[in-house]
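Undergrad: from the sequence below, what's the structure:
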Amino acid sequence: MPARRPADPTKTRAAVTALATWLRDPGAPAPDRPALAEAVRLTARTLEDTAPGHSVEVRVPPFVAVQCIEGPRHTRGNPPNVVETDPRTWLLLAAGIQTMADAVAAGTVLASGSRAGEIADWLPLVTLD
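TA: The predicted structure is shown next:
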């Protein structure tokens, strides 16, 4: 299998910016599935590139799961450190509109394991104007 190319920062920013109205206003019409999927995948791949490693798994079903942050590699069964959220919440985190602490407190992010919270150190991934 060929190596995956790093996420393109220009494409990542464009994908998230295209959803900015929806991210800022939950009452705005939802984006189409391909646009949402692209923004989620590109931001998750950006996290994977900027925080390389395998100690925390970030899941944004149904679009992507990535491993990041240096530390012990997970190879079988359920990973010990998992962050799971929905696509909108992930993009709010990735764009710096919501903090990890607020999302966990609101119950929109499930974070398990002693290192799951470390992804907050790598956010935001994209800033909106």
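Undergrad: give me the contacts around the longest helix seen in the chain.
TA: Secondary structure of the chain read by DSSP state H shows that its longest helix is helix 33-50. With contacts defined as CB atoms under 8 Å, 6 or more residues apart in numbering, helix 33-50 is touched by 4, 6-9, 11-12, 15-16, 18-19, 30-31, 58, 60, 63-68, 87, 90-91, 94, 119, 122-123, 125-126. The C-beta positions use only the backbone N, C-alpha and C, and glycine is treated the same way.
Undergrad: one more: stretch 106-122?
TA: By CB under 8 Å, 6+ apart, the residues outside stretch 106-122 that reach it are 47, 50-51, 55-56, 58, 68-69, 71, 79-86, 89, 93, 99-101, 103-104.
Undergrad: from the residues you listed, which would you call buried?
TA: For the contacts of stretch 106-122, a neighbour count by 16 or more other CB atoms under 10 Å gives the buried set as 47, 51, 55-56, 58, 68-69, 79-85, 89, 93, 100, 103-104.
Undergrad: now the strands for this structure?
TA: Remark: strands assigned in the chain by DSSP state E are 56-60, 64-68, 82-85, 109-112.
Undergrad: wait, residue 30 touches residue 19, no?
TA: No - counting by CB atoms under 8 Å, residue 30 does not reach residue 19; the two are 9.3 Å apart.
Undergrad: these two - which one has more neighbours?
TA: Neighbours were counted for residue 30 and for residue 19 using other CB atoms under 10 Å; residue 19 has more, 22 against 12.
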